[in-house]
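[1] Starting from these lines, generate the structure:
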Amino acid sequence: MNFIPVVYGVLNILLVLGLAPLYITVVKKVKARVQGRRGPRIIQGYLNLAKLFKKEVIYSEYASFISRLAPYASLSILLVAALMVPLVWVPDLEPVTGNIIVFLYLLVAGRLLLALLGLDAASSFGGMGSSREMSLSAIIEPVTVLVFAALAFVMGSLSIPEMFRHAALESPSWSPTILLLCISLFILIIVETGRIPVDNPETHLELTMVHEGMLLDTSGRNLALFELSHGVKQVLLMALLINILVPAGLMFEFSVPALIIGCILFLLKGTVLSIGIGLFESSFAKMRFFQIPNLFMIAFFFSILTIFIEVMI
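    Here you go, the predicted model:
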């Protein structure tokens, strides 16, 4: 029996879960520093999760099985997606097929669960957040499909591991199409993780809430699971950008020294990208709701331009 897919799956999931709270905290710390504040400690994200896991879960009197099932299902879906996006090791055999279309469907399923959760508690804020989330999804999902289509077209494969292999062995990162793709992927990270200027993950003002509005009636362990899911989603999207733009450190043949070096390099690259996200958030104010599609159109334009350049060259 070949244990490589099992070892890869366990390592990749542990790495994703371990880095998820760290990168969220780095973004918060950068934003705090820019605002002249000290900011949270680097381990604050882990401490917050540990505290939430110990707290009691309270459900709305109107909550159905969806409120009980959604936190576990949301994290499970993203952990399956984590098997498709290698962080430091691209094995010859994967536990699941890393098809980017399936990856997209998993992201959509997670968003649908979150929207159902917002509606399930029958609160006005939750319903408002779900309504806004679905309205934005109707615009961003076609753009996401186009960004992923451009990525697959440039890399010549629908398989995410094969894309990373192509980026590391055949495609120079300074290629114009790669750089344009990375701009689109960066915008995708901002949009999909609900960050400024699209959404403010730290707000509790009902007039501006989108993501937080759907979680207002969630508490304790369930809230910790959603916070962890949010961090996992961010790490996976960051890994897509990092391993396409800077694949240095990716390991194709397993060895312990290469694994350690790969983990250290990914940690550094992810930290740099998190600092970039924090600086980007600090440079913009939250956009008005009906102006948000303008940001999506930038990713749409660069994806179309990428495909056009790739066809013409």
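[2] switch to C-alpha atoms for all contacts and neighbour counts from now on
    OK.
[3] burial count for Leu237?
    Using other CA atoms under 10 Å, the number of residues around Leu237 comes to 19.
[4] now swap in Val26 and tell me
    26.
[5] right, and it touches Ser274 too?
    Yes - with contacts counted by CA atoms under 8 Å, Val26 reaches Ser274, the gap being 6.2 Å.
[6] quick one: low-confidence parts of the stretch 151-300 of the chain?
    171-174, 201-208 (pLDDT under 70).
[7] State the helix or strand in which the residue nearest the centre of the chain lies.
    Geometric centre of the chain, nearest residue: Gln234, 2.5 Å, by CA atoms, centre = their mean. Applying DSSP states H and E as the criterion places Gln234 in helix 220-245.
[8] quick one: Ala50 from Asn12, how far?
    22 Å (CA to CA, to the nearest Å).
[9] Same drill for those two, tell me which one is more crowded.
    Neighbours were counted for Ala50 and for Asn12 using other CA under 10 Å; Asn12 has more, 21 against 14.
[10] re earlier: tell me which helix or strand comes right after the helix holding Gln234.
    helix 256-282.
[11] Name the residues of that next one that are buried.
    Buried residues in helix 256-282, counted by 16 or more other CA atoms under 10 Å: 258-259, 262-263, 265-267, 269-271, 273-275, 277-282.
[12] other SSEs contacting that helix?
    helix 4-34, helix 220-245 (3 or more CA pairs under 8 Å, 6 or more residues apart in numbering; DSSP states H and E).
[13] same thing but 6 Å
    helix 4-34 (3 or more CA pairs under 6 Å, 6 or more residues apart in numbering; DSSP states H and E).
[14] Now do the helix it packs on: distance to the chain's middle.
    11 Å (CA atoms, centre = their mean, to the nearest Å).
[15] What's the mean pLDDT across that helix?
    Taken as a whole, helix 4-34 has an average pLDDT of 92.
[16] Quick one: work out the angle between it and helix 220-245.
    Helix 4-34 runs at 100 degrees relative to helix 220-245, counting by axes from the mean of the first three to the mean of the last three CA atoms, to 10 degrees.
[17] Now do the helix or strand following helix 4-34: distance to the chain's middle.
    In the C-terminal direction, the helix or strand that comes right after helix 4-34 (DSSP H and E) is helix 44-54. Distance, stretch centre to chain centre, for helix 44-54: 20 Å (CA atoms, centre = their mean).
[18] what does helix 44-54 rub up against?
    Pro21, Thr25, Gly220, Arg221, Ala224 (CA atoms under 6 Å, 6 or more residues apart in numbering).
[19] Derive a PyMOL selection command for the buried subset of those residues.
    The PyMOL command for the buried members of the contacts of helix 44-54 (criterion: 16+ other CA under 10 Å) is given here:
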select buried, resi 21+25+220+221+224
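[20] got the contacts of helix 44-54 as CSV, with distance to Ser131 columns?
    Shown next, in CSV, are those (distance: CA to CA, whole Å):
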residue, distance to Ser131
Pro21, 28
Thr25, 28
Gly220, 24
Arg221, 25
Ala224, 23
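[21] Of the contacts of helix 44-54, which is the nearest to Val90?
    Pro21 (23.5 Å; CA to CA).
[22] Just the CA atoms of stretch 295-313, as CSV, please.
    This file holds the C-alpha atoms of stretch 295-313, laid out as CSV (Å, rounded to 0.1, in the frame of the first residue of the first chain):
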residue,chain,number,x,y,z
LEU,A,295,-13.0,46.2,-7.7
PHE,A,296,-14.2,42.9,-9.1
MET,A,297,-13.9,44.4,-12.6
ILE,A,298,-10.2,45.0,-12.1
ALA,A,299,-9.7,41.2,-11.6
PHE,A,300,-12.0,40.6,-14.5
PHE,A,301,-10.0,42.9,-16.8
PHE,A,302,-6.6,41.5,-15.9
SER,A,303,-7.9,37.9,-16.4
ILE,A,304,-9.2,38.8,-19.8
LEU,A,305,-5.9,40.5,-20.6
THR,A,306,-4.0,37.5,-19.4
ILE,A,307,-5.9,35.2,-21.7
PHE,A,308,-5.5,37.6,-24.6
ILE,A,309,-1.8,37.9,-24.2
GLU,A,310,-1.4,34.1,-23.8
VAL,A,311,-3.3,33.6,-27.1
MET,A,312,-1.4,36.3,-29.0
ILE,A,313,2.1,35.3,-27.9
